[in-house]
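1. generate coordinates for the sequence data below:
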Amino acid sequence: MATRIAPISKELGINARGAPGMFQDIKKWSIILCLSLFALALHFFGTATADMFTPSHSCHKPYRPYQFTSEYEVSNYNSEVDSYKRCIEEFVDEQKDASNHHRDAAREAIEEWNSFARTVSLR
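-> Take a look at the predicted model:
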């Protein structure tokens, strides 16, 4: 008497058309998990590299003498103070522009991910 062995397709959850039944959900969630982990890794890599090279200004503070001996020294000092102030303001403006650029890039990346995630979850 021969023992009948059930087809392996039933054990694996493969339906009559040959498409994996329960494995479709596992595959979909595996893809979503991998993409999420990839996005998380990109986030941490981006923040790590962004903080590695923090820019600093190259502005020089003017030297203020204890006592001015002439009107020329006062005028020269005031000119150096103005130059120092302009230098700091330019540096701050550059950093604000860079910050805005990075914020916009992050928003675009989030929008792209959300759009992609919606298409994946609809399947």
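2. and residue 29, what pLDDT?
-> The predicted local distance difference test score for residue 29 is 72.
3. check which helix or strand it maps to.
-> In this structure, residue 29 sits in helix 22-52 according to DSSP states H and E.
4. following that helix, which helix or strand shows up next?
-> Using DSSP H and E, the next helix or strand after helix 22-52 towards the C-terminus is helix 71-121.
5. give me the helices and strands touching that following helix, please.
-> In terms of contacts (3 or more Cβ pairs under 8 Å, 6 or more residues apart in numbering; DSSP states H and E), helix 71-121 is packed against helix 22-52. For glycine as for every other residue, the C-beta is placed from the backbone atoms N, C-alpha and C.
6. show me this structure divided up by domain.
-> Domain ranges of the chain: 7-54, 55-123, per automatic domain parsing.
7. make CSV out of those domains and add mean neighbour count.
-> Rendered in CSV, the data for those read as follows (neighbours: other Cβ atoms under 10 Å):
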stretch, mean neighbour count
domain 7-54, 10
domain 55-123, 11
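8. which residues of this protein score low on pLDDT?
-> In the prediction, the chain carries residues with pLDDT under 70 at positions 1-25, 43-52, 121-123.
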